[in-house]
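Enquirer: Fold the following.
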Amino acid sequence: MRAVIQRVIKSQVVIDEAIRAAIGHGLVILLGIEKGDNREKADYLAKKITNMRIFGDKEGKMNLSLLDIGGKAIVVSQFTLMADTHKGNRPSFIHAAPPNVASPLVDYFIQRLKAYGVETQSGEFAAHMLVEIHNNGPVTILMDI
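Expert: Residues are numbered from 1 along each chain as shown. Next up is the predicted model:
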């Protein structure tokens, strides 16, 4: 399971010219599911992200979590995070979990974020999305578990 976490001042997801998700201060989480990933990994990742101290306190130090600031999250499923680029010029996605495995796991991850107290929205699995990200800092964290 791989996540690219971006601290944002605002973000939105547009599908077929309609806004599917929109937040202000918070996180955009691009989530890739790999073959062999499971609910335990999803729960670990959700808890870790919820409590990760990547927001500035009064002194500007990254000392506050998403919960501390009352931030929101958008989760965007992104199988391309599982790209293998070692051979040739075309990425291979052989390690990405198939949709029948990945989609429920993404949904479970979103449910876990909500259970930890994070107001969470999402893109749409397997849809073509326009993701607008106003990265704050910029702060981008890669988590690979």
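Enquirer: On the three-state scheme, the residue nearest to residue 27 when sequence neighbours are not counted is what?
Expert: Excluding the flanking residues, the one nearest residue 27 by C-beta to C-beta, 6 or more residues apart in numbering is residue 73, at 4.8 Å. Bear in mind the C-beta positions are built from the backbone N, C-alpha and C, glycine included. With DSSP: H, G, I helix; E, B strand; the rest coil as the basis, residue 73 sits in strand.
Enquirer: OK, contacts around residue 73?
Expert: Contact partners of residue 73, counting by C-beta atoms under 8 Å, 6 or more residues apart in numbering, are 23, 26-29, 49, 66, 113, 118-121.
Enquirer: for residue 97, same thing?
Expert: 33-37, 79, 82, 105 are the contacts of residue 97 under C-beta under 8 Å, 6+ apart.
Enquirer: Neighbours of the nearest residue to residue 126 once chain neighbours are set aside, how many?
Expert: Spatial nearest neighbour of residue 126, chain neighbours left out: residue 99 (6.3 Å); criterion: C-beta to C-beta, 6+ apart. Neighbourhood size, residue 99 [other C-beta atoms under 10 Å]: 14.
Enquirer: From residue 113, how far off is residue 99?
Expert: Per C-beta to C-beta, to the nearest Å, residue 99 is found 21 Å from residue 113.
Enquirer: repeat for residue 61
Expert: On the measure of C-beta to C-beta, residue 61 and residue 113 end up 24 Å apart.
Enquirer: Of those two, give the one with the bigger neighbour count.
Expert: residue 113 (25 against 10).
Enquirer: On the three-state scheme, the more buried one is what?
Expert: helix.
Enquirer: Surely it touches residue 48?
Expert: No. Counting by C-beta atoms under 8 Å, residue 113 does not reach residue 48; the two are 10.9 Å apart.
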